[in-house]
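Colleague: Got a predicted structure here, sequence first:
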Amino acid sequence: MTNRLIIAVSKGRILTETLPLLAQAGVVPTESPETSRKLIFDTSVPGVQLLVIRATDVPTFVDNGAADLGVAGKDVLIEYGGDGLYEPLDLRIACCRMALAAPEGFVLDGSRIRVATKYVRIAAAYFAARGIQADFVKLYGSMELAPLVGLADCIVDLVDTGNTLRANGLAELEEIMPISSRLIVNKASMKMKHEQVRGLIDRLSAGVFAE
Ligand code: ATP
Ligand code: PRP
């Protein structure tokens, strides 16, 4: 009997970059998740369905078994924490870096600083490792604005081209870590649906390493 296999992805760049990898692995949604308002999609493979959800919700769905597999940024996975998920494959998509940035001329002189970020766990570990005292202002977007209006001295955010930093008069001080999206798997699904899950991981990795 074929088990149902549910894959969770987020709308936007992860969906756009995951769909070709899934297609190479033989999984094609029966209608376009990029244009439809539906949240769950059947695919060319009987029993395999796609869920389209918020990026930060992907680990929650997979951890709780509401999805068997998911695609999530390393940033999101570190912030989610825990050890309830397998992370068998770096899909090498949605690549960027986590970085410390501040207004041009800002110098880290060892004094206590205020940091705006959506990534408090990553930022806290980074400053702790450097022995720098930091207070955090948790934001959910537009971090670049915070130093411009006195909400923070600097930011910890994702950077790709650097265009958003430059457009707001900020400069990258240091790369904290490289970021890419990972395939994640629910631990029970890995055991109970091993053949199906393993087959999909193998087909996806063939596509990733063929790039
Ligand atoms: P949410 O909808 O939960 O707020 P989000 O807006 O961060 O999430 P996206 O902007 O689609 O969702 O980002 C999804 C993932 O893509 C991020 O977790 C990160 O790993 C990666 N990412 C974010 N910004 C960039 C970028 N500028 N270039 C490349 N990859 C990026
Ligand atoms: C991300 C990130 C930066 C920007 C960096 O935002 O939060 O603002 O990309 O990319 P760049 O270095 O190429 O300019 P995103 O585009 O995801 O917008 P969002 O914050 O609204 O999700």
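Modeller: Arrived safely. Remember, predicted model here, so these are calculated numbers, not experimental data. Ligands and ions are numbered 1, 2, ... in the order given.
Colleague: what comes into contact with stretch 190-205?
Modeller: Outside of stretch 190-205, the residues within contact range by CB atoms under 8 Å, 6 or more residues apart in numbering are 2-3, 5, 21-22, 24-27, 68-69, 86, 88-89, 91, 183, 185, 189. From N, CA and C alone the C-beta is placed, and that goes for glycine too.
Colleague: quick one, phi/psi of Leu91?
Modeller: With angles defined as degrees, to the nearest 10, Leu91 sits at phi -80, psi -10.
Colleague: what about the closest residue to it other than its chain neighbours, distance to ligand 2?
Modeller: Distances taken as CB to CB, 6 or more residues apart in numbering put Ser181 closest to Leu91, at 5.1 Å, once the chain neighbours are dropped. Separation of Ser181 from ligand 2 (CB to the nearest ligand atom, to the nearest Å) stands at 13 Å.
Colleague: isn't Ser181 right up against Leu15?
Modeller: No: using CB atoms under 8 Å as the test, Ser181 is too far from Leu15 to be in contact (10.6 Å).
Colleague: Any chance of a ChimeraX selection covering the buried ones in the contacts of stretch 190-205?
Modeller: The buried residues among the contacts of stretch 190-205 can be selected in ChimeraX (16 or more other CB atoms under 10 Å) with this line:
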select :5,21,22,24,25,27,68,69,86,88,89,91,183,185,189
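Colleague: ok so, going back, okay, Ser181 and Leu15: which has more neighbours?
Modeller: More crowded of Ser181 and Leu15, by other CB atoms under 10 Å: Ser181, with 29 against 19.
Colleague: Enumerate every residue touching the more buried one.
Modeller: If you count contacts by CB under 8 Å, 6+ apart, then Ser181 has Ile14, Glu17, Thr18, Val71, Ala72, Gly73, Lys74, Asp90, Leu91, Arg92, Ile93, Ala94 around it.
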